[in-house]
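# Got a predicted structure plus its sequence, pasted below:
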Amino acid sequence: MRPNQNTKIKKLKGPILVIGAAGFIGYNFLLNLSKVRNDVYGLVRRKNSWRLKNFDQKDKILVCDIRNYSKTKKNFRKIKPQTIFNCSAYGAYPYQKDVRKIYEINFLSTVNILEILSKQKFNVYLHCGSSSEYGLNCTAPCESDKLLPNSHYAVSKAAVSNLISFYGKKMKKPVIHLRLYSVYGPWEEPKRLIPNIIKKGLNKKLPKLVDGNISRDFIYIDDVFNAFIHIATNIKPKHWGEIYNIGTGVKTSISKLVDIAKEIYHIEEPAKFGSMKNRNWDLSNWYANVKKIKKEFLNPKCPEINFLHLFFL
């Protein structure tokens, strides 16, 4: 986090609720917020997550399956959250194949949450969307461009973006949908690409790799967190129901990433591209268009309020 982030975090209206706090993104949010405030709660489906074993404020962790409307409502009434970060998701990993569960967790549970919130006062709700929503239309798309989802996960997330727009524009609720690109950093799943490259690299090795032409827009978890905090503390009615891309706008191919790793770790062995099967949604030119968020939330005259340092390299 940047030095001035603590000031911004203190400005958030509480209590604060992180939904999906046992996941990679949610746990980072929970940790960062809890270091500054004592009114931060995490909502999780299971309490035995390997990440939560390292969290010492066990009384702030609430177990609730957000697919269950009545239990979710009970927890919201108990906490009375004013700032809500929904980081829950299912289907982003290849082993998460239960199609019904994808739509129940990603879409129907969001309906539950927004319906509950619509009946009470709250300050801001920020939803973790995905660049996967663009699907085949993946090359620097604007937020208003056509979505061509190419997986059940992408379809479910695209549906949520329409849901958020409806609650913001039509129902006049302070909700925003943020489409995240390839987030990496501490507490990421060990089998994910960058953690795997680091683990293998420390032993002068490379992991199995997909086609080297496949690309990503890699963004560090702290930049994502900073973006959420900045938006949450600067939201205005004109932003309600809006969608924003959260990325760097920089395309990085797998082959480029490997070249960087080989240089850092002094790896001599050749990369074996194609030794791992491409995922169904892997694409060659996948990177963000960040013009909208820069225009509406970044002020080049006041760099201290900016949150994505990569925009200014």
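Cool, the structure landed.
# in the stretch 51-200 of the chain, which spans are helices?
Using DSSP state H, counting those that start in this stretch, the helices of the stretch 51-200 of the chain run over 69-79, 99-103, 109-118, 152-165, 193-201.
# neighbours of the closest residue to Phe122 other than its chain neighbours, just the number please.
Sequence neighbours aside, Gln82 is the residue nearest to Phe122 in space, at 5.4 Å (criterion: C-beta to C-beta, 6 or more residues apart in numbering). C-beta coordinates here come from the backbone N, C-alpha and C atoms, glycine included. By other C-beta atoms under 10 Å, 18 other residues sit near Gln82.
# Hmm, Asn123 and Gln82 touching each other?
Yes: between Gln82 and Asn123 there is a contact at 4.3 Å, judged by C-beta atoms under 8 Å.
# okay, and the common contacts of those two?
Counting by C-beta atoms under 8 Å, 6 or more residues apart in numbering, the shared contacts of Gln82 and Asn123 are Lys13.
# can you redo the helices of the stretch 51-200 of the chain as a markdown table with distance to Pro174, mean neighbour count and mean pLDDT?
Formatted as a markdown table, these follow (distance: least, C-beta to C-beta, whole Å; neighbours: other C-beta atoms under 10 Å; pLDDT from 0 to 100):
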| stretch | distance to Pro174 | mean neighbour count | mean pLDDT |
| --- | --- | --- | --- |
| helix 69-79 | 16 | 15 | 96 |
| helix 99-103 | 25 | 15 | 97 |
| helix 109-118 | 9 | 19 | 98 |
| helix 152-165 | 11 | 22 | 98 |
| helix 193-201 | 34 | 17 | 93 |
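# Which one, of these, ends up nearest to Arg51?
helix 193-201 (13.4 Å; C-beta to C-beta).
# counting contacts, what elements does that closest one pack onto?
strand 182-184, helix 254-265 (3 or more C-beta pairs under 8 Å, 6 or more residues apart in numbering; DSSP states H and E).
# if we look at the last one, which residues are touching it?
The list of residues contacting helix 254-265 from outside it, by C-beta under 8 Å, 6+ apart, reads 193-194, 197-198, 201-202, 204, 206, 209-216, 218, 267-268, 271, 273.
# Of the residues you listed, which belong to helices?
Leu193, Ile194, Ile197, Ile198, Gly201 (DSSP state H).
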